[in-house]
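Visitor: Fold the following for me, if possible:
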Amino acid sequence: MELVDRRFYRRMGRESAVVVAGRGCPLGCSYCAVGGAAWLPHRLRPVDRVIVKGKTEPVEIFTPEEDAEVVRLSRVAIDAYRRRDWDGSEAAWARIVERRPEDGVAAAYLARIAEWRRSPPAGDWSGSIALDKL
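Guide: Here you go, the predicted structure:
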């Protein structure tokens, strides 16, 4: 027995994922869906990959963002950063700073890049930051 009629699948969009859905939303909704697909990933700006205290695996953190170009540039900058392409990452962050001179995420990454240029990360560096070390 299928939980959802197959005809439903043909009406779904290109993106699909498992979500938790039901009543009792903490935001006061009468019905809520929570999960990766429910958060409109095209409007979430990647911020960092962090390892929280007591854990060993990094998790991605995001922040809501209205400017789709800032989302796109942030993805480009972070991808380059994780590949140790300091020039490419710096160029993308600089374009974000042109759009938003007070952007804290860009400022943090530009400072990290300057530090990594002075003292490169270890060979096993994953691009993550351990929060217990902050």
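Visitor: how is the chain carved up into domains?
Guide: Using automatic domain parsing, the domain ranges for the chain come out as 1-39, 43-133.
Visitor: Would you single out the least confident of the ones you listed?
Guide: Here the domains of the chain differ in mean pLDDT, and the lowest is domain 1-39 at a mean of 50.
Visitor: For residue 99, give its distance to residue 67.
Guide: Residue 99 sits 7 Å away from residue 67, going by CB to CB, to the nearest Å. Yep, even glycine has a C-beta here, placed from its N, CA and C like the rest.
Visitor: Then residue 110?
Guide: Separation of residue 110 from residue 67 (CB to CB) stands at 19 Å.
Visitor: what does residue 104 give?
Guide: Distance, residue 104 to residue 67, using CB to CB: 15 Å.
Visitor: Looking at those two, which is more packed in?
Guide: Using other CB atoms under 10 Å as the criterion, residue 104 and residue 67 rank with residue 67 on top: 14 against 9.
Visitor: quick one: the strands in the chain?
Guide: Here the chain has its strands, by DSSP state E, at 20-22, 32-34, 44-51, 59-64, 129-130.
Visitor: neighbours of the closest residue to residue 58 other than its chain neighbours, just the number please.
Guide: Nearest residue to residue 58, sequence neighbours excluded (CB to CB, 6 or more residues apart in numbering): residue 128, at 3.9 Å. Neighbourhood size, residue 128 [other CB under 10 Å]: 15.
Visitor: What separation do you get for residue 128 and residue 51?
Guide: With distances taken as CB to CB, residue 128 is found 5 Å from residue 51.
Visitor: got it, and residue 67?
Guide: Distance of residue 67 to residue 51, computed by CB to CB: 28 Å.
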